[in-house]
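Engineer: Model the structure of this input:
(2 chains)
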Amino acid sequence: DTGVSQDPRHKITKRGQNVTFRCDPISEHNRLYWYRQTLGQGPEFLTYFQNEAQLEKSRLLSDRFSAERPKGSFSTLEIQRTEQGDSAMYLCASGRREFYEQYFGPGTRLTVT
Amino acid sequence: KNQVEQSPQSLIILEGKNCTLQCNYTVSPFSNLRWYKQDTGRGPVSLTIMTFSENTKSNGRYTATLDADTKQSSLHITASQLSDSASYICVVSGQDGGATNKLIFGTGTLLAVQP
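Structural biologist: Numbers count the residues shown, from 1 in each chain, chains lettered A, B, ... in the order given. Got it, this is the predicted structure:
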């Protein structure tokens, strides 16, 4: 499968714990995006990378959130000291700078208890 | 404020029937508008992308229209199938595609196709 993959697909954690999600984009895509989607809502932009550079971060991305794309390939999104409000689907998408299209992964559903 | 509004919020139709979903946006400047299909628990999948110069685009049984003057778009589904049951999300890119390419999402229309 050459699409965008995300791991894990589901994560249940206790409030206060740290969690890390991984996204593997389509190999030739230089842009990678993270979104958060809560139930019944559309996805909300969190941050994006062009190659290894993080070019933009949403105000939704509090100090507890950090994202990396160290070699310009896969990316990780870490949430520290999770809160119940962090429960959501975290979507990753990739694309090329030259084109409009973004291809989404299946998402990681986070439940904070 | 850049917003994308969709209607109806939810829709139930019988298999084989047609339906039309609506999208109004206030995003400016406008770059392109997309319709995505999102199955429950999955990531969105692109159906169509239209720039301001395009007013209609088809993808199989899906036909999207765009009126950049009134800032309205519609997605028409013909001869619906059970597998069309999903959330349909209208998404607008408010910046040049070569810049941030940040997308503004609507909340979606939840379509249920019943046998």
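Engineer: other SSEs contacting the worst-scoring helix or strand of chain B on mean pLDDT?
Structural biologist: Within chain B, no helix or strand scores below strand B:103-105, which has a mean of 87 by mean pLDDT, DSSP states H and E. Counting contacts by 3 or more CB pairs under 8 Å, 6 or more residues apart in numbering or on different chains; DSSP states H and E, strand B:103-105 is packed against strand B:86-93. Placement of C-beta: from N, CA and C, glycine included.
Engineer: Which neighbours in the sheet does the strand it packs on have, and how are they oriented?
Structural biologist: Applying DSSP bridges, strand B:86-93 is found paired with strand B:32-38 (antiparallel), strand B:103-105 (antiparallel), strand B:109-114 (antiparallel).
Engineer: can you tell me which residues contact residue 37?
Structural biologist: In the absence of a named chain, chain A is used. A:P43, A:E44, A:A88, A:M89, A:Y90, A:L91, A:G107 (CB atoms under 8 Å, 6 or more residues apart in numbering or on different chains).
Engineer: that's the wrong chain, I wanted chain B
Structural biologist: By CB under 8 Å, 6+ apart, the neighbours of B:K37 are B:P44, B:V45, B:L47, B:A86, B:S87, B:Y88, B:I89.
Engineer: Nearest residue to the third one in space, ignoring adjacent ones along the chain?
Structural biologist: So the one you mean is B:L47. Nearest non-adjacent residue to B:L47, counting by CB to CB, 6 or more residues apart in numbering or on different chains: B:W35, 4.5 Å away.
Engineer: Would you check that B:T51 makes contact with B:R34?
Structural biologist: No. Applying CB atoms under 8 Å, one finds B:T51 not in contact with B:R34, separated by 10.4 Å.
Engineer: Could you check which of these two is surrounded by more residues?
Structural biologist: B:R34 (22 against 15; other CB atoms under 10 Å in any protein chain shown).
Engineer: Can you pull up the residues of chain B that come close to chain A?
Structural biologist: Within chain B, the positions near chain A by CB under 8 Å from any CB of the partner chain are B:4, B:31-32, B:34, B:36, B:41-46, B:49, B:89, B:91, B:93, B:97-98, B:100-103, B:105-108.
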